[in-house]
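K.L.:
curious how this folds, go ahead:
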Amino acid sequence: MQSSSVYHQLFIGAHDAFRVIVPHEQDRIPITRHTYWIPLVCYTPFVFLAFLARRPDTYLIRLLLLPSVICAILVAAYRYTWTQVELNVYNWGQCLFAAVAIAKALEYAFNPEGMLKVGESRPGVYKGKAKGIPNGYANGNGHSNGHANGHANGNGYANGHGPAEPQPEGLSTWWYDAFELAHTMRGLKWKFGQGVHIPPPDRPQERSPFLRATAISFIQNFILLDVLESLVKLFPGVGTPIGGSIFYPQLFFPLRYLVSTTIHILTGAALLFGFGMVYDLITLFAVGVMDGSPRSWPPVMDNPWISESMHEFWAKRWHQLLRQTFLVFGGYPGRWLGGSMGMVFGTFLASGLFHECAMYSMKRGYDHSATIFFAAQGPVLVLERFWRRATGRRVSGWPGRLWVYFIMFVAAQPMGTS
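P.N.:
Numbering: from 1, shown residues only. The predicted structure is shown next:
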């Protein structure tokens, strides 16, 4: 009886501590001009952890720092909120960003040797022939082992050795590495990014022509996004900040799903152009203002419209920015539990929870349509593998493309309406 009471008190204490970090909706602090700086400061321990991950012999202190880093990130994402309805999507964005940062922090803390660049034996120490060849791209083969969410055979640049990228003078190498490590998503030049498919360049690699082509691409993506968003807003209830269902029950059966499919495709296309627009804007700042190398900013997508299998879609055509995040949250634990199959299932389950948990900050509760859709991608890839074993051929050609369109444009509609 007494033992039960102790457990009950421990549960209450843990719940109260959790609600200090992730409070209920009515207890969250509005982000204003007086409070906006606090969430930013909460990421200071994360940057320091990235710095330690580039310093040798810091494993123990990184482990000790990890709980504080995670708590600070959660406070920044969930304790502070945008209260204007039209800015509600910012709550979603800051929680997605927090999940990425937590995945990075876990990797920084649990790698005993720290975060290494390609060719390093210890942070800042290159081995063998890699000495004196710090950063850049390797061969253009992009070889991989075929795992989900990022591994695929393909063209383009991979990580490895190549032309070194100059670091700005006057900054400590370690702090420069810390900021680079904190911001990199696909792991160009980093050991953890080996095997990621990088699309081949689609614009000149000389600085001025590159900036000109990127500016044109930004304008094109901006206009197309604006047009598509305007079209979506023509549908009643869908284009509002509150949102609404893409299924109109008052319409008869064929027309109802024709309308929902149209909205879904328009929204997906808008997402693609929005991705391109934001990536172009960041690229213009990084290369034009910060004097970064064009080679560090390869295309973010590889034309997902032409995918001929779901494996090709997820592993090569879709963006790989969140690949490492999903591997940390689900892929690596899944591999530990169930081998390569567990890695595939864990990766996609993590992807679904990643999207759903961020929606909690938008005061919409949990729906789990996204969790179900992404978790189902594991069995989908297994089906494609069975097809290859049974027939001796990959899923490909126009039947494969129709298969991809069915999954993304029909089976994904419940996720879109949630």
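K.L.:
what about the strands in this protein?
P.N.:
Along the chain, counting by DSSP state E, strands occupy 29-30, 80-81, 120-122, 125-126.
K.L.:
turn the ones you listed into TSV, columns for distance to Glu206, mean neighbour count and mean pLDDT.
P.N.:
In short, each C-beta sits where N, CA and C put it, glycine included. Formatted as TSV, those follow (distance: least, Cβ to Cβ, whole Å; neighbours: other Cβ atoms under 10 Å; pLDDT from 0 to 100):
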stretch	distance to Glu206	mean neighbour count	mean pLDDT
strand 29-30	47	12	92
strand 80-81	43	22	91
strand 120-122	30	15	88
strand 125-126	28	15	85
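K.L.:
how about those in a markdown table, adding distance to Gln205?
P.N.:
Shown next, in a markdown table, are these (distance: least, Cβ to Cβ, whole Å):
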| stretch | distance to Gln205 |
| --- | --- |
| strand 29-30 | 45 |
| strand 80-81 | 41 |
| strand 120-122 | 26 |
| strand 125-126 | 25 |
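K.L.:
do you know which of those lies nearest Ala50?
P.N.:
strand 120-122 (15.7 Å; Cβ to Cβ).
K.L.:
any idea how far Tyr43 is from the residue most central in space within the chain?
P.N.:
When Cα atoms, centre = their mean is applied to the chain, the residue found nearest the centroid is Leu322 (2.5 Å). In this view, Leu322 and Tyr43 are 18 Å apart by Cβ to Cβ, to the nearest Å.
K.L.:
my guess is Gly378 contacts Gly352. True?
P.N.:
No: if you go by Cβ atoms under 8 Å, Gly378 and Gly352 don't touch, sitting 10.0 Å apart.
K.L.:
pass me the low-pLDDT residue ranges in the stretch 301-418 of the chain, would you?
P.N.:
Within the stretch 301-418 of the chain, the stretches with pLDDT under 70 are 363-365, 416-418.
K.L.:
try it again at 50.
P.N.:
Across the stretch 301-418 of the chain, nothing is flagged by pLDDT under 50.
K.L.:
kindly report the same for the stretch 1-150 of the chain.
P.N.:
Across the stretch 1-150 of the chain, the ranges flagged by pLDDT under 50 are 132-150.
K.L.:
gap between the two ends of stretch 83-90?
P.N.:
For stretch 83-90, the first-to-last residue distance is 10 Å (Cα to Cα, to the nearest Å).
K.L.:
same thing with stretch 74-93?
P.N.:
Stretch 74-93 end-to-end distance (Cα to Cα) = 13 Å.
K.L.:
show me how far that stretch is from its chain's centre.
P.N.:
Put simply, stretch 74-93 sits 18 Å off its chain's centre (Cα atoms, centre = their mean, to the nearest Å).
K.L.:
begin at 125 from here
P.N.:
Let's use 125 as the start, then, which means that last one is stretch 198-217.
K.L.:
neighbouring contacts of that stretch?
P.N.:
145-147, 152-155, 159, 162-164, 166-167, 218-219, 221-222, 226, 365-366, 482-483, 485-487 (Cβ atoms under 8 Å, 6 or more residues apart in numbering).
K.L.:
list the buried ones in it?
P.N.:
Residues Leu198, Val199, Ala200, Ala201, Tyr202, Arg203, Tyr204, Thr205, Trp206, Asn212, Asn215, Trp216 are the ones in stretch 198-217 that count as buried (16 or more other Cβ atoms under 10 Å).
K.L.:
tabulate those in CSV, adding columns for distance to Tyr529.
P.N.:
Listed next are the buried residues of stretch 198-217 as CSV, based on distance: Cβ to Cβ, whole Å:
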residue, distance to Tyr529
Leu198, 38
Val199, 42
Ala200, 39
Ala201, 35
Tyr202, 36
Arg203, 41
Tyr204, 40
Thr205, 37
Trp206, 35
Asn212, 31
Asn215, 32
Trp216, 27
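K.L.:
just the ones in helices from those, please.
P.N.:
Leu198, Asn212, Asn215, Trp216 (DSSP state H).
K.L.:
right, and the pair among those with maximum separation?
P.N.:
Greatest spatial distance among these (Cβ to Cβ): Leu198 and Asn212, at 19.0 Å.
K.L.:
from the ones in helices among the buried residues of stretch 198-217, which is closest to Pro373?
P.N.:
Using Cβ to Cβ, those come closest to Pro373 at Asn212, 25.4 Å.
K.L.:
so the closest one versus Phe530, what's the distance?
P.N.:
Separation of Asn212 from Phe530 (Cβ to Cβ) stands at 32 Å.
K.L.:
burial count for Asp415?
P.N.:
10 (other Cβ atoms under 10 Å).
K.L.:
give me the pLDDT for it.
P.N.:
Looking at Asp415, its pLDDT is 88.
K.L.:
Phe409 versus that one, what's the distance?
P.N.:
Taking Cβ to Cβ, one finds Asp415 at 11 Å from Phe409.
K.L.:
again with Leu477
P.N.:
Per Cβ to Cβ, Leu477 is found 31 Å from Phe409.
K.L.:
which residues touch Met401?
P.N.:
Phe342, Asn345, Phe346, Leu349.
K.L.:
so the second one makes contact with Leu405?
P.N.:
Okay, so that is Asn345. No: contact between Asn345 and Leu405 fails when scored by Cβ under 8 Å: they sit 9.2 Å apart.
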